[in-house]
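>>> how would this look folded up:
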Amino acid sequence: MKRPTQVDVARLAGVSRATVSYVVNDRADGRVTISEETRRRVLDAVAELDYTPDARAQALRSGDTKAVGLILPDIHNPHFWEVADGVEQEVSAAGYHILMSSIPPENKDAEDIFKDLSHRRIDGLIMVPSFIYQSEEAQKTLAYLVKRRVPIVGIMADHGERNFNIDRVVSDYRETTVDVMNHLLSMGHRRIGFVFGIAIPALGNDRLSGYQSSLQSAGLPIDSSLIVACGPDMEDSYQATKQLFALPSPPTAILAINDFLAIGVLRAIQDLGMNVPGDVSLVGYDDIPMAKYLVPRLSTASKDGEKMGRESAKLLLARLQNPDLPRQEIKLPTRLILRESTGLAPS
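Numbering: from 1, shown residues only. Okay, here's the model as predicted:
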């Protein structure tokens, strides 16, 4: 069945197509006088024909698409599901929808994916810009978008001056990692492993630096064999854990760089015939929803992914309302959540 058009509405209402356009798009702006009776006839015709304005045509007329781009680094990690959920809740309430893309920082096509998204008709962009740090081409594309005054919000750890001249929601785990380490040290742990599964090591420095500084403050050596760099998948953390327990003096506690990888660590420990926390304590990061349903329940640090998404969306919506605002930055706190996966070091 043919979809009704503005011409069909105009014919039924007995008015011109231009009048229908003014009424439907509410764009008379005082320049055209439309009586209440005429307006009512048009709206009645719209209802009778079940006419829906074409979104693409509206966007071309108004310059607004009511679409927001969202770039996340890893759709497999539930932490980023929470970020997306927070963004979607806020922008949906404001009448926008999301165009989402995943750009892992190690993706060789990251530059092309970013450039393609930047050419789409979107009103603004929210992104976790991990892929930007090692790509000059992506940085040029971002600079081009900033020059065009496209509203952009970055969700990131605090990397000092590397703010790319965009609005930012900042949250890092430096201080909370010190809390994690102090807790483990107070429980008698002296050999603490670190499963460092991240594609760009600099993006995990907030956790690594907290780990290292805590060992130094406690007068303990930084043993490089206890820091296992690996990929970002569960299998990577599983194998990294086996590597740690192949050491002559294995760890009594392990930090996993995120909860997603902590699941692989937990499985490996169990497959090696040990248990958490009786033989090994385990701490993750991000407090993903399943963390409190694992056996044992996972001790973790939290950034509150949903809140990060909400705050980034609020910044973007504010920028859309007022493009001339000074650059905005929101710093969100992190916190340690102790559950069942940490305990006294085995004697």
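>>> Strands of the stretch 101-250 of the chain, residue ranges please.
124-127, 152-156, 167-170, 192-197, 227-230 (DSSP state E, counting those that start in this stretch).
>>> Mean pLDDT and mean neighbour count for those - can I get that in JSON lines?
For the C-beta atoms, the positions are set from N, CA and C on the backbone; glycine is no exception. Shown next, in JSON lines, are these (pLDDT from 0 to 100; neighbours: other C-beta atoms under 10 Å):
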{"stretch": "strand 124-127", "mean pLDDT": "93", "mean neighbour count": "25"}
{"stretch": "strand 152-156", "mean pLDDT": "92", "mean neighbour count": "26"}
{"stretch": "strand 167-170", "mean pLDDT": "94", "mean neighbour count": "22"}
{"stretch": "strand 192-197", "mean pLDDT": "97", "mean neighbour count": "25"}
{"stretch": "strand 227-230", "mean pLDDT": "97", "mean neighbour count": "18"}
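>>> thought Pro277 was touching Gly343?
Yes: contact criterion C-beta atoms under 8 Å: Pro277 and Gly343 qualify, at 3.5 Å.
>>> hmm, back to that, quick one: which of the strands of the stretch 101-250 of the chain is nearest Leu220?
The closest of the strands of the stretch 101-250 of the chain to Leu220 is strand 192-197. By C-beta to C-beta, the value is 8.6 Å.
>>> Pull the distance from the closest one to the chain's centre.
How far strand 192-197 lies from its chain's middle: 23 Å, per C-alpha atoms, centre = their mean, to the nearest Å.
>>> which helices and strands does that strand pack with?
helix 205-217, strand 227-230, helix 234-244, strand 253-256, helix 259-271 (3 or more C-beta pairs under 8 Å, 6 or more residues apart in numbering; DSSP states H and E).
>>> Include distance to Ile330 when you put the ones you listed into TSV, please.
Rendered in TSV, the data for these read as follows (distance: least, C-beta to C-beta, whole Å):
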stretch	distance to Ile330
helix 205-217	17
strand 227-230	31
helix 234-244	31
strand 253-256	27
helix 259-271	23
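>>> did I read that right, Leu282 in a helix?
No: according to DSSP: H, G, I helix; E, B strand; the rest coil, Leu282 belongs to no helix; its state is strand.
>>> Can you get me a residue count around the closest residue to Asn165 other than its chain neighbours?
Excluding its sequence neighbours, the residue lying closest to Asn165 (C-beta to C-beta, 6 or more residues apart in numbering) is Val146, at 5.3 Å. Applying other C-beta atoms under 10 Å, we find 14 other residues in the vicinity of Val146.
>>> List the residues that contact the spatially closest residue to Met127 that is not a sequence neighbour.
What sits nearest to Met127 in space, not counting adjacent residues and going by C-beta to C-beta, 6+ apart, is Ile71, at 3.7 Å. The contact partners of Ile71, by C-beta atoms under 8 Å, 6 or more residues apart in numbering, come to 100-103, 114, 117, 125-129, 131.
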